[in-house]
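> How does the following fold in three dimensions:
(2 chains)
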Amino acid sequence: MPRMTFPFGPQHPVLPEAIQLKLTVEDERVVEVLPAIGYMHRGIEKAAEKNPYLNNVFLCERICGICSFIHGMAYCQTIEEIMKVEVPPRAEYLRVIWSELSRLHSHLLWLGLLADSFGFESLFMQCWRVREIVLDVLEMTTGQRVIQSTCVIGGVRRDIDAEQAARMREMLKTLKPQIDAVIPVFKHDYTIKSRTVGRGVLPKDQAWKLGAVGPTLRGSGGAWDARMTGYAAYDELGFEPMVETDGDSYARTLVRVRETYQAYELVLKALDRLPEGETKVKVKGFPNGEAAIRVEQPRGELFYYALGDGTSHLERLKVRTPTFVNIPALLTMLPGCEIADVPVIVLSIDPCMSCTER
Amino acid sequence: MGLISKARVKSPWIVHYCCSSCNGCDIEILACLTPYYDVERFGILNIGNPKHADLLVVTGPANRRGSRVLKNLYEQMPDPKLVMAVGACAATGGVFHNCYNILGGVDQAIPVDVYVPGCAARPEAIIDGVVLALDKLSKIK
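Take a look at the predicted model:
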């Protein structure tokens, strides 16, 4: 049969967002993939130069709605680095709590979407039911379900008091058995194994060479996680990256499964050790200088660069998001697979197009 | 009121398109469909095919490339059809109003029937919006 090219996306039932992959196929087998991005481009980096630097926190949080807290935190850390602001320890711990809660809800969301991508509807529903408890915790502590807007330059805007912390522990206690009930399905179920084991293999040397980050890299055996650099309070809490060695979609799933538990433990650990004190310091003046920051998003390493010239507006803001660097890795996973496996493999890197295209 | 127009209100099918939104509203729309809020009990079903859909749910502002896809989707839907714009940026451009690639709200590309406010819109507000859309749908003979 001659080669055929057909589009996957931009509007596709499996993907909540718009990305197009032009698949060249021979029979049912994919031989070549060409991505077309730009359907969701807004121009946030340019808009960040038009807004006063304090307002950019809200704009950066809306680069991605799933890990919005981590985007806001990365921007704040960059500006704090330029302006040499010392963030109080309590604020550092609160930042860890909220970013790990974001990771928890993002991973549960992704596990559900993975199940949905091969038609395992009931598991999709169960994962999202469990995720609602995390969102309730976020809503109780920050006031919003998905876009928290609690991070500001110099600390955080809200505090978790003793009463809230007690209520939070109670809610997290009910969460644990529910995660325990859902997760074994991902580890042992025949359907999931038959659709993910050995599909979309990315060898370790390829992963390093293509610059893959996050669970995509760790699923291939690369032990790197930006949290190892010890930003916020991660150096005090102790941190080990979760690594699997097989490099297929199943390994990437297992990495996220283990990170779900890790995020849960980190939230409780940070809550136990929460130091007393201020949550915010007052920031005066304008950023003058440049700084680059790396933090770990649920999808991988996030990079922020800012250049200030001593005025209220930034000269330049550059964001490099994890999905953008994972797309080349995706392009080496796809050739050779069946058409039916394309949605599962695309989802296995956890693509976030609104991050990528900004 | 004929049989078809009566049945249409009982089970509106929605097609969802993310037109350069930040994902916050998208995951809230999906949260509506899952057990906690469960709009499927009202017969509301999320499907991928615009040719089967009665209601187009759009999140995010209209941008240059995305609005072409959006118009294409809208034209493929059979009449009668309704459009629901979810979120502050789908209504006016919101926080992205001064981005160079943004045309404005979704109404710059296609006619909108229901606006759902919020950044991100809460699932309760989205369900409220669907009910308003059904009210409008029931008046179409």
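> Which strand or helix spans residue A:250?
If you go by DSSP states H and E, residue A:250 is part of helix A:249-273.
> Over to residue A:191?
helix A:190-196.
> List of residues touching that helix?
For helix A:190-196, the surrounding residues in contact (CB atoms under 8 Å, 6 or more residues apart in numbering or on different chains) are A:115, A:118, A:120, A:185-186, A:248-250, A:253, A:341, A:344, A:348. The C-beta positions use only the backbone N, C-alpha and C, and glycine is treated the same way.
> Now a PyMOL select for only the buried ones of those.
Buried residues among the contacts of helix A:190-196 (16 or more other CB atoms under 10 Å in any protein chain shown), as a PyMOL selection:
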select buried, chain A and resi 115+118+120+185+186+248+249+250+253+341+344+348
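> Could you export the contacts of helix A:190-196 to CSV, including columns for pLDDT?
Listed next are those as CSV, based on pLDDT from 0 to 100:
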residue, pLDDT
A:115, 88
A:118, 83
A:120, 86
A:185, 88
A:186, 87
A:248, 88
A:249, 88
A:250, 90
A:253, 90
A:341, 85
A:344, 87
A:348, 87
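> Chain B: which of the contacts of helix A:190-196 is nearest?
residue A:115 (11.7 Å; CB to the nearest CB).
> ok, that closest one touching residue A:127?
Yes: if you go by CB atoms under 8 Å, residue A:115 and residue A:127 touch, sitting 6.6 Å apart.
> what's the burial count for residue A:21?
23 (other CB atoms under 10 Å in any protein chain shown).
> sec struct for it, please.
Secondary structure, DSSP: H, G, I helix; E, B strand; the rest coil: residue A:21 is strand.
> wait, what's in contact with it?
A:7-9, A:33-36, A:334, A:342, A:346.
> switch to 6 Å and redo it
Contacts for residue A:21 (CB atoms under 6 Å, 6 or more residues apart in numbering or on different chains) come out as A:8, A:33, A:35.
> List just the nearest of those residues to residue A:198.
Lowest distance from residue A:198 to these (CB to CB) belongs to residue A:33, with 18.8 Å.
> Now the closest one. Nearest residue, chain neighbours left out?
residue A:334 (4.6 Å; CB to CB, 6 or more residues apart in numbering or on different chains).
> list the contacts for residue A:34?
With contact set as CB under 6 Å, 6+ apart, residue A:34 has these partners: residue A:22.
> Flag every buried residue along the helix holding residue A:191.
Residues A:192, A:195-196 are the ones in helix A:190-196 that count as buried (16+ other CB under 10 Å).
> TSV for the residues you listed, including distance to residue B:111 and pLDDT?
Compiled in TSV, the buried residues of helix A:190-196 are given as follows (distance: CB to CB, whole Å; pLDDT from 0 to 100):
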residue	distance to residue B:111	pLDDT
A:192	43	87
A:195	41	86
A:196	43	87
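> Now residue A:33. Its backbone dihedrals?
For residue A:33, the backbone dihedrals are phi -130, psi 140 (criterion: degrees, to the nearest 10).
> neighbours around it, how many?
21.
> same deal with residue B:134?
For residue B:134, using other CB under 10 Å, the count is 20.
> How about residue A:82?
Neighbours around residue A:82, by other CB under 10 Å: 21.
> three-state assignment of it?
Reduced to three states by three-state DSSP, residue A:82 is helix.
> That one and residue A:71, how far apart?
17 Å (CB to CB, to the nearest Å).
> got it, and residue A:125?
For residue A:125, the distance to residue A:71 - CB to CB - is 28 Å.
> neighbour-wise, which of these two wins?
residue A:71 (29 against 19).
> residue contacts, the more buried one?
Neighbours of residue A:71 in contact, by CB under 6 Å, 6+ apart: A:60-61, A:63-64.
> next one: residue A:274
By CB under 6 Å, 6+ apart, residue A:274 lies in contact with residue A:93.
> Looking at it now. What's its pLDDT?
Predicted confidence (pLDDT) for residue A:274: 87.
> Next: the one 10 residues further on.
What the model reports as pLDDT for residue A:284 is 84.
> now the strands for chain B?
B:13-18, B:45-46, B:55-59, B:62-63, B:82-86, B:102-104, B:114-116 (DSSP state E).
> Longest helix in the chain, please.
As the question left the chain open, I've gone with chain A. Counting residues, the longest helix in chain A under DSSP state H turns out to be helix A:89-117.
> my question was about chain B
Under DSSP H, chain B gives helix B:123-138 as its longest helix.
> What residues of that helix count as buried?
B:123, B:125-127, B:129-130, B:132-134, B:137.
> That one packs against which elements?
Packing partners of helix B:123-138 (3 or more CB pairs under 6 Å, 6 or more residues apart in numbering or on different chains; DSSP states H and E): helix B:3-10, helix B:24-33, strand B:82-86, strand B:114-116.
> how about a cut-off of 8 Å?
helix B:3-10, helix B:24-33, strand B:55-59, strand B:82-86, strand B:114-116 (3 or more CB pairs under 8 Å, 6 or more residues apart in numbering or on different chains; DSSP states H and E).
> Restricting the selection to alpha carbons, write the helix or strand encompassing residue A:30 to PDB.
Using DSSP H and E, residue A:30 sits within strand A:29-36. The C-alpha trace of strand A:29-36 is given here as PDB (Å, rounded to 0.1, in the frame of the first residue of the first chain):
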ATOM      1  CA  ARG A  29       2.200   1.500  10.900                       C
ATOM      2  CA  VAL A  30       3.500   5.100  11.500                       C
ATOM      3  CA  VAL A  31       6.700   5.800   9.600                       C
ATOM      4  CA  GLU A  32       7.000   9.600   9.900                       C
ATOM      5  CA  VAL A  33       5.700  12.300  12.200                       C
ATOM      6  CA  LEU A  34       5.700  16.000  11.700                       C
ATOM      7  CA  PRO A  35       4.300  18.200  14.500                       C
ATOM      8  CA  ALA A  36       2.500  21.500  13.900                       C
END
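> next structured bit after it?
Next helix or strand after strand A:29-36 toward the C-terminus (DSSP H and E): helix A:44-50.
> for the record, mean pLDDT for the helix or strand just after that next one?
As assigned by DSSP H and E, the chain's next helix or strand after helix A:44-50 is helix A:56-61. Computed over helix A:56-61, the mean pLDDT rounds to 88.
> Helix A:56-61 vs chain B: in contact?
Yes: against chain B, helix A:56-61 shows contacts by CB under 8 Å from any CB of the partner chain at A:58-59.
> What lies in contact with that helix?
Contacts for helix A:56-61 (CB under 8 Å, 6+ apart): A:44, A:47-48, A:51, A:68-69, A:71-72, A:74-76, A:147-149, A:151-153, A:314, A:317, A:319, B:95-96.
> what's the burial count for the closest residue to residue A:52 other than its chain neighbours?
Counting by CB to CB, 6+ apart, residue A:52 lies nearest to residue A:312, which is 4.8 Å off, once chain neighbours are set aside. A count of nearby residues for residue A:312, using other CB under 10 Å, gives 13.
> follow-up on the earlier one: could you dump the helix holding residue A:191 to CSV, C-alpha only?
Once non-C-alpha atoms are left out, helix A:190-196 reads as follows in CSV (Å, rounded to 0.1, in the frame of the first residue of the first chain):
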residue,chain,number,x,y,z
TYR,A,190,-3.9,-6.7,31.9
THR,A,191,-5.6,-4.1,29.7
ILE,A,192,-3.2,-1.3,30.7
LYS,A,193,-0.1,-3.6,30.4
SER,A,194,-1.2,-4.7,26.9
ARG,A,195,-1.5,-1.1,25.7
THR,A,196,1.6,0.4,27.4
